[in-house]
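# only geometry, no sequence info:
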C-alpha cells in the first residue's frame, strides 16, 4: 500500500497480471494473492475516461472498496453453504480463506495463492464434481 504510487522499477513487490481488471492491482506475496483495491480505467468513451465503478464520472474508490467487501460477504455465504453440505453429505464446496485489510485509508483483499492446473465442476451420477 505504501509503495502504490512509486514507479514500477522502484517497487519492492511488482504487480502481475492474474486476469481481469476488477479488484485492482494484483500482487503475489509468499503464496498469497493480494489485490489492492482500485477503480480501474476500462476504456475511453467520446474521448473521456470510463471507469469500472465510477463510470464517466471518474474513478470511485468508495464503490471499488464496497465491491471488495461484497466479495468477502459472498465468499462467507458460499462457505456457510459448503459447510452445511459437508455436515449432511460428508462433502461440499471448499472456499479459500479471505481477509479484507484497511490500512491508512486504503483497502486490500488477501487470499491464498492457489495454482490450478484445471478446474472440473458439474454433476455426474447425482454427485457434484
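Done, it's in. Please read these numbers as outputs of a predicted model, since none were measured by experiment. Residues are numbered from 1 along each chain as shown.
# Going by C-alpha atoms from here, please, whenever you check contacts or count neighbours.
OK.
# Which parts of the chain are strands?
25-29, 32-36, 41-45, 48-51, 99-103, 106-112, 123-124, 127-128 (DSSP state E).
# got TSV for those strands, with distance to residue 61 too?
TSV is the format used below for these (distance: least, C-alpha to C-alpha, whole Å):
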stretch	distance to residue 61
strand 25-29	13
strand 32-36	11
strand 41-45	12
strand 48-51	10
strand 99-103	13
strand 106-112	9
strand 123-124	40
strand 127-128	38
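# Redo these as TSV? Include mean pLDDT.
Below are these laid out as TSV (pLDDT from 0 to 100):
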stretch	mean pLDDT
strand 25-29	87
strand 32-36	88
strand 41-45	90
strand 48-51	92
strand 99-103	90
strand 106-112	89
strand 123-124	63
strand 127-128	63
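# could I get those strands as CSV with mean neighbour count and distance to residue 16?
Below are the strands of the chain laid out as CSV (neighbours: other C-alpha atoms under 10 Å; distance: least, C-alpha to C-alpha, whole Å):
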stretch, mean neighbour count, distance to residue 16
strand 25-29, 19, 6
strand 32-36, 20, 10
strand 41-45, 13, 17
strand 48-51, 16, 20
strand 99-103, 14, 20
strand 106-112, 19, 15
strand 123-124, 8, 34
strand 127-128, 10, 33
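# what's the closest of these to residue 66?
strand 106-112 (9.7 Å; C-alpha to C-alpha).
# For residue 65, which of the strands of the chain is the nearest?
Closest of the strands of the chain to residue 65 is strand 106-112, at 6.5 Å (criterion: C-alpha to C-alpha).
# and the angle for the closest one with strand 32-36?
Per axes from the mean of the first three to the mean of the last three C-alpha atoms, to 10 degrees, the angle that strand 106-112 makes with strand 32-36 is 160 degrees.
# Give me the contact list for strand 106-112.
Strand 106-112 has contacts (C-alpha atoms under 8 Å, 6 or more residues apart in numbering) with 1, 31-37, 65, 68, 96-102.
# dump the residue contacts of the spatially most central residue of the chain.
Centroid check for the chain by C-alpha atoms, centre = their mean gives residue 23 as the closest residue, at 4.8 Å. Counting by C-alpha under 8 Å, 6+ apart, residue 23 makes contact with 35, 36, 37, 38, 39, 64, 68.
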